[in-house]
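# Turn this into a model:
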Amino acid sequence: MRIGYERLQALRCQVSGSRVDSPGVKAQQGSVGSEPAGASSMPSGVDSLVNEARQHLHRLTPEEAHRACQRGSVLIDTRPSDQRERDGTIPGALVIDRNVLEWRLDPTSAHKSSSVADGQRVIVICNEGYSSSLAAATLQRLGRGDATDVIGGFQNWVACGLPVEP
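Residues are numbered from 1 along each chain as shown. The predicted structure is shown next:
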């Protein structure tokens, strides 16, 4: 049975607290994903790092993140410019390149962003929800204790039908 791309995306969004990494591969919240057939069952170094980072996060679905932003949280989009140009942007999201994120959001940094208030909840979003987990965990270590990320990233945000600008 073939399933249309739009239907697959809708199904992807409906999986509460989990995401689909690729068609037919379901990954639970907090896990990195299923191994391809024949792959080692031992997680790679980066998979372990992502899993460890997620142990300390209360990750949000795209809908939860959207509601949190309506209540005053700030959504930080760390996707590279080419992805934002190709796929669009999230209205109201603050764009901070991943390579300077810690300097812009460290409450003690001389280079911190004036667009994010001390104590304001930070929600990080990347393209698929991997690098954002690492970033949010690092921000927690820098003093932003409630920093978190979006399950499935921007791709899941779009699949859920949330606002995107070209």
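
# pLDDT score for Ala27?
On the pLDDT scale, Ala27 is placed at 41.

# Kindly apply the preceding question to Ser44 instead.
Value for Ser44, per-residue pLDDT: 84.

# With just CA atoms, put the helix or strand where Ser132 lies into PDB.
Secondary-structure element containing Ser132, defined by DSSP states H and E: helix 131-141. The C-alpha coordinates for helix 131-141 follow below in PDB (Å, rounded to 0.1, in the frame of the first residue of the first chain):
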ATOM      1  CA  SER A 131      21.400  19.200  17.300                       C
ATOM      2  CA  SER A 132      18.700  21.200  19.200                       C
ATOM      3  CA  SER A 133      18.800  18.500  21.900                       C
ATOM      4  CA  LEU A 134      22.600  19.000  22.300                       C
ATOM      5  CA  ALA A 135      22.200  22.700  22.200                       C
ATOM      6  CA  ALA A 136      19.400  22.800  24.800                       C
ATOM      7  CA  ALA A 137      21.400  20.500  27.200                       C
ATOM      8  CA  THR A 138      24.400  22.900  26.900                       C
ATOM      9  CA  LEU A 139      22.200  25.900  27.600                       C
ATOM     10  CA  GLN A 140      21.000  24.200  30.800                       C
ATOM     11  CA  ARG A 141      24.600  23.800  31.900                       C
END
